[in-house]
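In: Generate coordinates for the sequence data below:
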Amino acid sequence: MSLTKKIILALILGLGAGLAFNIFAPEAFKLLDAYALTPIGSIFLKAITMLVVPLVFFSIILGTAGISDPKKLGRIGGKTIAYYLITTCIALIIGLTVAFIIQPGAGGAFATEAANFEPREAPPVVDTLLNILPTNPINAMAQGNMLQIIAFAVLVGFALARLGEKTEGLLSLVRQGNEVMMYLVKLVMYLAPYGAFALIASAIGKLGIPALQAMLLYMLAVSSALILHAIITYGSAITFLARRNPIEFFKNFSPAMIVAFSTSSSNATLPISMRTAQERLNVSKPVSSFVQPLGATINMDGTAIMQAVATVFIAQVYMVSLSFGDLVTVVLTATLASIGTAGVPGVGLIMLAMVLTSVGLPVEGIALVLAVDRILDMMRTVVNITGDASCAVVVSSSEEKHIVNQEQTSTTSSL
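Out: This is a model prediction of the structure:
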């Protein structure tokens, strides 16, 4: 049985077990929760949290080193990076807006979970921006200050790219460190079915039907934001920037979207995604070969939407009011994190832990979204690779116009 099927089965069994204990055996549930469900869930959460800092550090360095390669910088690189960063910001704004409209965590359904949590006072927006650069990078890593870790990693990656051959050994070491982290992510994801069962059974067993209702609203919020982003943002880009029919774009790219839904991995889908873009969307091979692999590394709009909605959801669950400064921090952190979010299943949860930490929300809140995350992971992977393809179409169309303009200018000059 595949990992996806195991997690979905664990979700169903956890929901059933939690509801059954909540309704028929609440006293027996307390014993089971104390000695089995909570320990198993805590082990899984600690395993996720353990990987946050090293994974972010290594992956951001590699992403920045690739982007900052002088050979790749230029007209196409500038357009691609600008497109990815802008669409990621738009995705986060859509996610936050939908979450505040639907309010999936409001209503007091999770009041018991939030009883012992005291939110910290949010710092001013100016302080948040000024504190991006760390005075002590090692201390930032020890404290889990994610914005500072990302800023330092970006600088290191840029330096490695500029120094080239002088630092090939260090860059190779960073690649090896990233491989180790990704292997550990895979190991942790093997625990996901057990963690999903324990965490959802514990949550539902404590809170009953209202908890299930709130999670369904969370799924609705994430799904709605993903669909709106794909239609509005990518559809508009294809229509106005590439001057093409968005319906034909989605129709022709659908084979890759189906594969993405089944694999939940941008990297695994990359070969068919590139082939589909080149053969069915008429994207030039050089543009496709540069834009789409880069997108699989730094463009994670679907993951960003999940992080935005989940952050608001968890804040509402714990009855914490997010200030404007907190929302800015969410946008900054999630946008920068998208540079290093690896295109494999499960990494989005680790990045969510980073975003929650950046605004002072408890990482334990991940327990409330974990059980349905695998289902939503399929949808957001589709959005991720669709964003890569839309960028490839837009950049390819722009390059064609640039070549035509150059030829016209050259002809005029010769005349």
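
In: Could you use CA atoms for every contact and neighbour count after this?
Out: Will do.

In: Look at Leu336 and tell me its secondary structure.
Out: Under DSSP: H, G, I helix; E, B strand; the rest coil, the three-state class of Leu336 is helix.

In: Now do it against Val259, distance only.
Out: The spacing between Leu336 and Val259, counted by C-alpha to C-alpha, to the nearest Å, is 27 Å.

In: Can you tell me which helix or strand of this protein has the lowest average pLDDT?
Out: helix 111-114 (a mean of 44; mean pLDDT, DSSP states H and E).

In: so who does Gly295 touch?
Out: Tyr84, Ile385, Asp388 (C-alpha atoms under 8 Å, 6 or more residues apart in numbering).

In: I'd like the residues you listed as JSON lines, with secondary structure, pLDDT and distance to Ala140 appended.
Out: As requested, the contacts of Gly295 are exported to JSON lines (DSSP: H, G, I helix; E, B strand; the rest coil; pLDDT from 0 to 100; distance: C-alpha to C-alpha, whole Å):
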{"residue": "Tyr84", "secondary structure": "helix", "pLDDT": "91", "distance to Ala140": "27"}
{"residue": "Ile385", "secondary structure": "helix", "pLDDT": "93", "distance to Ala140": "33"}
{"residue": "Asp388", "secondary structure": "helix", "pLDDT": "94", "distance to Ala140": "32"}
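
In: Which single one of those is nearest to Leu332?
Out: Tyr84 (13.8 Å; C-alpha to C-alpha).

In: isn't that closest one right next to Leu294, touching?
Out: No: with contact defined as C-alpha atoms under 8 Å, Tyr84 does not count as touching Leu294 (9.7 Å).

In: between those two, who's got more neighbours?
Out: For Tyr84 versus Leu294, neighbours defined as other C-alpha atoms under 10 Å are more numerous around Tyr84 (24 against 20).

In: Find me whatever residue is spatially closest to that one, sequence neighbours aside.
Out: Distance criterion C-alpha to C-alpha, 6 or more residues apart in numbering; nearest residue to Tyr84, sequence neighbours excluded, is Asn299 at 5.7 Å.

In: and what of Pro54?
Out: Nearest to Pro54 is Met181, by C-alpha to C-alpha, 6+ apart, at 7.3 Å.

In: Which element, helix or strand, includes the residue positioned nearest the centre of the chain?
Out: By C-alpha atoms, centre = their mean, the chain has its centre lying nearest to Thr303, at 2.6 Å. Using DSSP states H and E, Thr303 sits in helix 301-317.

In: Run the chain-centre distance for that helix.
Out: 10 Å (C-alpha atoms, centre = their mean, to the nearest Å).

In: Determine the set of other helices and strands touching that helix.
Out: In terms of contacts (3 or more C-alpha pairs under 8 Å, 6 or more residues apart in numbering; DSSP states H and E), helix 301-317 is packed against helix 75-102, helix 111-114, helix 209-228, helix 324-337, helix 347-358, helix 367-414.

In: Tell me which of the ones you listed is the most buried.
Out: helix 347-358 (a mean of 24; mean count of other C-alpha atoms under 10 Å).

In: Excluding its own residues, what touches it? List them.
Out: Contacts for helix 347-358 (C-alpha under 8 Å, 6+ apart): 48-49, 51-52, 144-147, 185, 303, 307, 310-311, 329-330, 333-334, 337, 341, 362-363, 366, 370.

In: Recalculate using a threshold of 6 Å.
Out: The contact list for helix 347-358 (C-alpha atoms under 6 Å, 6 or more residues apart in numbering) reads Ile48, Val52, Thr303, Gln307, Val363.

In: and of those residues, the nearest to Met378?
Out: Of those, the one sitting nearest to Met378 (C-alpha to C-alpha) turns out to be Thr303, at 10.5 Å.

In: how close does that closest one get to Phe253?
Out: From Thr303 across to Phe253, the span is 20 Å (C-alpha to C-alpha).

In: And for Ile86?
Out: With C-alpha to C-alpha as the criterion, Ile86 and Phe253 are 22 Å apart.

In: likewise Ser390?
Out: 10 Å.

In: Equivalent analysis for Asn384, please.
Out: Distance check for Asn384 against Phe253: by C-alpha to C-alpha, it reads 13 Å.

In: do the same with Tyr84
Out: Taking C-alpha to C-alpha, one finds Tyr84 at 19 Å from Phe253.

In: Can you tell me the element the residue nearest to Pro54 falls in?
Out: helix 168-190.

In: And that helix, what's buried?
Out: Leu171, Val174, Arg175, Gly177, Asn178, Met181, Met182, Leu184, Val185, Lys186, Val188, Met189 (16 or more other C-alpha atoms under 10 Å).

In: ok now it, how far from the chain's centre?
Out: That offset, for helix 168-190, works out to 19 Å (C-alpha atoms, centre = their mean).

In: what comes into contact with it?
Out: Contacts of helix 168-190 (C-alpha under 6 Å, 6+ apart): Leu55, Phe58.

In: quick one, the helix or strand just after it and helix 168-190 angle?
Out: Tracing the chain C-terminally past helix 168-190 and defining elements by DSSP H and E, one meets helix 192-207 next. Helix 192-207 runs at 50 degrees relative to helix 168-190, counting by axes from the mean of the first three to the mean of the last three C-alpha atoms, to 10 degrees.
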